[in-house]
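> Only the shape, not the letters, is given here:
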Ligand code: GLP
């Protein structure tokens with residue numbers, strides 16, 4: 001796991017954008033795994049700027065969203081498929097129909113989840129998966145206790161996650177769905193490169209556990225310790241509880257520029 005402590009969330013987003021741009025230049029038909037939440041916003045802002053500047057094109061790329069609320073109407077602004085349109089798709093040249101997400105309105109949920117796994121496999125797998133992390137260490141919506149081998153499925157959201165996400169629903173906890181569909185931890189582990197962004201003090205303990213704690217379903221992101229190519233991009237507050245922060249800084253400072261992320 002490579003840990004990079006950046007001077008700001010914007011700087012972390014710019015570094016993540018470097019990785020996406022390098023991938024798309026190398027492989028214009030790359031498959032992106034797209035996360036929602038506030039953590040990836042600096043990345044999506046940077047990508048919009050780079051696309052505007054003609055530095056990168058998403059015209060041949062494809063995207064799979066990470067998770068979705070169950071039961072939100074198709075036109076709800078907080079439906080994650082719509083959030084991705086607002087935050088990324090509408091701001092770059094990625095065709096809208098090249099991005100799909102789990103169907104949170106499916107009647108047959110197991111069939112919809114299996115179809116989503118199949119669609120990812122048919123696309124050749126995810127080349128670069130963007131991730132945030134919840135305050136309780138969840139990735140996607142894989143809450144504490146999730147199987148480390150799980151695949152796309154329905155999950156019950158914890159009270160903490162619903163409290164954290166109420167800010168997207170006018171602070172109305174009752175408006176936050178109780179269930180979601182999410183790529184599993186096993187699904188995420190099959191992405192070829194995972195780029196995880198975290199910012200703010202509220203994420204410091206989850207980041208510490210993810211990078212330095214024992215691998216445990218109680219902190220689902222710790223499964224990433226078993227992944228061969230994970231880049232963790234942090235601002236200073238999110239790095240505040242890392243025991244080996246000085247080592248990570250020294251390592252990154254000494255890294256040759258040609259190596260990339
Ligand atoms: C949400 C999403 C995750 C996200 C996480 C952190 O509930 N399902 O994909 O990474 O929680 O959200 P944020 O980035 O807004 O802090």
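Sure, I can see it. Source: prediction; values computed, not measured.

> count of residues packed around the nearest residue to residue 172 once chain neighbours are set aside?
Leaving aside its sequence neighbours, residue 172 sits nearest to residue 166 (CB to CB, 6 or more residues apart in numbering; 6.5 Å). Placement of C-beta: from N, CA and C, glycine included. Number of residues near residue 166 (other CB atoms under 10 Å) recorded here: 15.

> now the strands for the protein?
2-5, 31-34, 62-65, 67-69, 99-100, 128-131, 153-156, 179-182, 193-198, 230-234 (DSSP state E).

> Need those in TSV (columns: mean pLDDT and mean neighbour count).
Below are these laid out as TSV (pLDDT from 0 to 100; neighbours: other CB atoms under 10 Å):
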stretch	mean pLDDT	mean neighbour count
strand 2-5	98	19
strand 31-34	98	24
strand 62-65	98	24
strand 67-69	98	24
strand 99-100	98	18
strand 128-131	98	26
strand 153-156	98	18
strand 179-182	98	23
strand 193-198	98	25
strand 230-234	98	24
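
> Contacts only, for residue 102.
65, 67-68, 112-113, 116, 152, 181-183 (CB atoms under 8 Å, 6 or more residues apart in numbering).

> same question, residue 160
So residue 160 contacts 134-136 (CB under 8 Å, 6+ apart).

> need the contact list for the residue lying closest to residue 6 once chain neighbours are set aside.
Of all residues not flanking residue 6 in the chain, residue 12 sits nearest, at 4.2 Å (CB to CB, 6+ apart). Shown in contact with residue 12 (CB under 8 Å, 6+ apart): 4, 6, 42, 197, 199, 233-235.

> Mind picking the two most distant members of those?
4 and 42 (13.6 Å; CB to CB).

> ok, back up a step: kindly provide the distance from the residue nearest to residue 172 to the ligand.
Distance, residue 166 to the ligand, by CB to the nearest ligand atom, to the nearest Å: 11 Å.

> same check, this time on residue 174
For residue 174 relative to the ligand (CB to the nearest ligand atom), the value is 17 Å.

> What pLDDT is listed against that residue?
On pLDDT, residue 174 comes in at 97.

> Can you give the distance from the helix or strand of the chain with the lowest mean pLDDT to the centre of its chain?
Between all helices and strands in the chain, the lowest mean by mean pLDDT, DSSP states H and E belongs to helix 159-165, at a mean of 92. Distance of helix 159-165 from the chain centroid (CA atoms, centre = their mean, to the nearest Å) equals 17 Å.
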